[in-house]
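> Sequence first, predicted model second:
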There are 2 protein chains.
Amino acid sequence: MTENLQAKIDAYIEDNRERFLEELFTFLRQPSISTRNEGMHECADLLAGLMRGVGIETRIMETPRHPIVYGEIDKGPDAPTVLVYGHYDVQPPEPLELWTSPPFEPEIRNGKIYGRGTSDNKAQIFIYIKTIEALRAVTGDVPLSFKFMFEGEEEIGSPSLAPFIEVNKDLLKADLTYYSDSHVHESGRPIIILGLKGMVYVELTARGARIDQHSMRATGVPNPAWRLVWALNTLKGPDNKVAIEGFYDDVRPLTNMERETIAKIPVDEQTLLDFFGIEKFVPGRVEDGYYYNLISEPTCNIAGIVSGYTGEGSKTVLPSVAKAKVDIRLVPGQRPEDILAKLKRHLENAGFGDIEVEGGNFLIPSRTPIDHPALPVIIESLQEAYGLEPIVFPGIGGAGPNYVFTDILEQACFVVPHATHDQANHAPDESMDLAGFFNGIRTGVRVFPRLAQNLKAE
Amino acid sequence: MTENLQAKIDAYIEDNRERFLEELFTFLRQPSISTRNEGMHECADLLAGLMRGVGIETRIMETPRHPIVYGEIDKGPDAPTVLVYGHYDVQPPEPLELWTSPPFEPEIRNGKIYGRGTSDNKAQIFIYIKTIEALRAVTGDVPLSFKFMFEGEEEIGSPSLAPFIEVNKDLLKADLTYYSDSHVHESGRPIIILGLKGMVYVELTARGARIDQHSMRATGVPNPAWRLVWALNTLKGPDNKVAIEGFYDDVRPLTNMERETIAKIPVDEQTLLDFFGIEKFVPGRVEDGYYYNLISEPTCNIAGIVSGYTGEGSKTVLPSVAKAKVDIRLVPGQRPEDILAKLKRHLENAGFGDIEVEGGNFLIPSRTPIDHPALPVIIESLQEAYGLEPIVFPGIGGAGPNYVFTDILEQACFVVPHATHDQANHAPDESMDLAGFFNGIRTGVRVFPRLAQNLKAE
């Protein structure tokens, strides 16, 4: 794309700024609270209308819960294709009294749009609708084929997403998946996320007597809180290494390029320590380094534990049940079913076969190769749109279902956030930075023409 | 005492049955809820009046909270003295809707008196007032000197009891303490309790980040739930032996007579296992046997543990704090301050000096020697009054402040319950068995004359 054309597109975005915001506000005003099925179909219809308005061929595809809004711009069999993902459902807005302005009456203050679902994820979806509009308005066309898949269940854990993708593999096939969620770096520098962790979330239950007993019986009646403590202690000791046999066997070591990329992530460990209010980080298994471990290491975390009397003061009870919630985050190479099987085998072998293991929330880790040819193009586009050097995250600590793209659809997946770190998603006064919103569109109109060239060249 | 005289006393009790109950009901009708200071002085006055009515020289002695009703019958320096202890305060009656008849309107049904404070502890105090009356009415005198100490704070943990006894050692000095609380054996056979366990109750706290974190940070931010698990694991392992260094050093081994006495306690371990709903008892440190361990072994019990998210479903949180409540029951020889110091030293030495230890609820273990000369006399009196063979418990699993008698006053202490095991103390429909009440008086009029002979003979 010529510099002249690029300038024209930027001018178009600038000239239509107010209208873009007005349209976005219409989208934001429509509640779409998936967890209580509030306004879901209305919002899907509204989104479909916005998409059709810019020439995306759109249909609403039902799932057992909330519909997926699917759209296409088909440039024929020779054109590269990008799948744009996002979600139009939002978190419940409560507690309402903590909002400065009503959650479904978007308002601009201090350079931010405040409202429920602004950054998470409506404005970050809307970026792509306006990207299409701007490209079409100025160039008369889009540079490659698009598929859009906007789901309505992300805030309730995307229960329909994997099954939907499994049965619609052909429909959704593309050269890569590209989407915006989460937020840019605290410094304001844009980021690109290449991978999310996987997860096994289990609840461990130890049982003792039929009902709680007076603790004087502790000489005879087994205490499940002790059994749970002993069992947990075999999973991980003070060296912080997960002791489940074979746990690390399939961890794919970082590539040199991944290691070099991680080393470039800006970090001030003392500031982080102060922020967390801790004296030092837990020791790393392979080496130290906050981001090195955050990105490359799996975890085994006690997310919750409870047994017996936990109120104020003292009560002498011998509990009848003890429970722990353990979330195990996986890195590429590890498979959830395998890790769950290893955990169960470990407990059995360690003499804790009586501990009940209820597993759920399986997520396969996802990782887009860091040498993927699209990456330099995305970096270049972000650099130009933001005027700041992007930071590449080979992975992050967070888990999520990007495996549906990388493992089920078997295509690279790039997450390119445009919200700021103070977005307050899931919280009162959620906001989307105005600059981020327009930088997102400015990134979009740059990245897709470049990807068209780049993917064709492959 | 001649058989003839004994028969006359029994007849007196039988003849005055209805009046005894009427007087007891007056006592029961007066609420005396220590925890909310309801009716405490009124009840103390009423009790003092009942005591004066049978010739006990009685005064009300103030404490920082609720008064102690103190009474005496002084037979001069040569007479043996018995200190009778009890408490006139009661638990709150709530939930009221679960009572068949109102808690402060005592009612007889199915051979039991129902009402708050019946068995715990008003009827079991009143037994001794009527014992004095019956002895005096028939024999014209009582056989030995009496001291009565009825406190009003037992249901709130007796905070004034030890200090009161410390400053009134001379006043309270006696040959032995004798009182009725708790209940007889499930079989209906009377029991004698010679010891209560001591206790150290601590809350252990591990701290991590300033506030809870997203669990993706688990590669860097320490998790206090893990630290607490690791620390607890060092206190006791699956062999069920307390691993605090020196924990068992001062445990006084059972005497042969204690072991023989324990062996005589009726027990059906399978019935107990079925009742608790467990497959087997935890292994004993020295040997197996439900009562052997209940009576002779100290414990280290997790009464409560909590950290992180403990609600339904999954939440991926890295907790900032983890807490455990641990009750450690002590047997004779062990001292609470020493055990607390050993616990702290152990944590320090095991690398868990960061775990905060907040201690409280110190109780010194108490044990009356099983070869005390009063014991055969009490056994004989119970056997005669009940027509059933008494069971002697050298100790029980429960902890309590009997050390104020055995260690501060340095006198033997015998607990002789007259309630039945279904008394429902602290619960709705608390009751006192009518037979138990009258058997208590029949025991009293037998045991004190015999003790007078027995203690004089020493």
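Done, it's in.

> Tell me if residue A:148 really is in a strand.
Yes: under DSSP: H, G, I helix; E, B strand; the rest coil, residue A:148 sits within a strand.

> what's near enough to touch it?
Neighbour list for residue A:148: A:51, A:56, A:58, A:69, A:70, A:71, A:72, A:83, A:84, A:86, A:128 [criterion: CB atoms under 8 Å, 6 or more residues apart in numbering or on different chains]. Heads up, the C-betas are built off the backbone N, CA and C, glycines and all.

> and if you look at residue A:374?
Residue A:374 touches A:176, A:412, A:414, A:451, A:454, A:455, counting by CB under 8 Å, 6+ apart.

> How about residue A:390?
A:189, A:190, A:191, A:192, A:378, A:379, A:382, A:383.

> Kindly tell me how buried the residue lying closest to residue A:411 once chain neighbours are set aside is, as a neighbour count.
Once flanking residues are discounted, residue A:411 sits nearest to residue A:176: 5.4 Å by CB to CB, 6 or more residues apart in numbering or on different chains. Using other CB atoms under 10 Å in any protein chain shown, residue A:176 has 22 other residues around it.

> Kindly report the same for residue A:345.
Neighbour tally, residue A:345, other CB under 10 Å: 14.

> Assign it to helix, strand or coil.
Going by three-state DSSP: residue A:345 is helix.

> pLDDT weak spots in the stretch 301-450 of chain A?
A:361 (pLDDT under 70).

> Domain map for chain A?
Chain A breaks down into these domains under automatic domain parsing: A:3-196+A:365-457, A:198-251+A:298-363.

> now the end-to-end length of the shortest one.
Start-to-end span of domain A:198-251+A:298-363 (CA to CA, to the nearest Å) is 5 Å.

> Could you find the closest non-adjacent residue to the most centrally placed residue in chain A?
In chain A, the residue lying closest to the centroid (CA atoms, centre = their mean) is residue A:400, at 4.8 Å. Nearest residue to residue A:400, sequence neighbours excluded (CB to CB, 6+ apart): residue A:196, at 4.1 Å.

> Enumerate every residue touching that neighbour.
Counting by CB under 8 Å, 6+ apart, residue A:196 touches A:363, A:365, A:366, A:395, A:396, A:398, A:399, A:400, A:401, A:402, A:403.

> sorry, back to before: for the residue nearest to residue A:411, name its beta-bridge partners.
residue A:82, residue A:412 (DSSP bridges).

> Could you measure from it over to chain B?
Between residue A:176 and chain B the distance is 25 Å, computed by CB to the nearest CB, to the nearest Å.

> Could you do residue A:444 as well?
Relative to chain B, and taking CB to the nearest CB, residue A:444 is found at 28 Å.

> Pull the number of nearby residues for the closest residue to chain B within the stretch 351-458 of chain A.
Residue nearest to chain B within the stretch 351-458 of chain A: residue A:397 (3.1 Å; CB to the nearest CB). Per other CB under 10 Å, the neighbour tally for residue A:397 reads 21.

> now the one 10 residues further on
Applying other CB under 10 Å, we find 18 residues neighbouring residue A:407.

> picking up where we left off before, can you put the contacts of residue A:148 in a markdown table and add pLDDT?
A markdown table is the format used below for those (pLDDT from 0 to 100):
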| residue | pLDDT |
| --- | --- |
| A:51 | 98 |
| A:56 | 98 |
| A:58 | 98 |
| A:69 | 98 |
| A:70 | 98 |
| A:71 | 98 |
| A:72 | 98 |
| A:83 | 98 |
| A:84 | 98 |
| A:86 | 98 |
| A:128 | 98 |
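
> re earlier: figure out which of the domains of chain A is closest to residue B:436.
Nearest to residue B:436, of all the domains of chain A, is domain A:198-251+A:298-363, at 21.6 Å by CB to CB.

> which residues in the stretch 51-200 of chain A form strands?
A:57-61, A:68-73, A:81-87, A:107-109, A:112-114, A:145-151, A:176-179, A:191-193, A:195-196, A:198-207 (DSSP state E, counting those that start in this stretch).

> highest average neighbour count across those?
strand A:195-196 (a mean of 26; mean count of other CB atoms under 10 Å in any protein chain shown).

> Tell me how far the closest residue to residue A:57 other than its chain neighbours lies from residue A:148.
Spatially, and ignoring its direct neighbours in sequence, residue A:57 is nearest to residue A:72 (4.9 Å; CB to CB, 6+ apart). Here residue A:72 is placed at a distance of 7 Å from residue A:148 (CB to CB, to the nearest Å).

> Touching both of those two, which residues are there?
The overlap between the contact sets of residue A:72 and residue A:148 (CB under 8 Å, 6+ apart) consists of A:56, A:58.

> Make TSV out of the contacts of residue A:196 and add secondary structure.
Below are the contacts of residue A:196 laid out as TSV (three-state DSSP):
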residue	secondary structure
A:363	strand
A:365	coil
A:366	strand
A:395	coil
A:396	coil
A:398	coil
A:399	strand
A:400	coil
A:401	coil
A:402	coil
A:403	helix
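
> one step back: tell me which of the domains of chain A sits nearest to residue B:19.
domain A:198-251+A:298-363 (37.5 Å).
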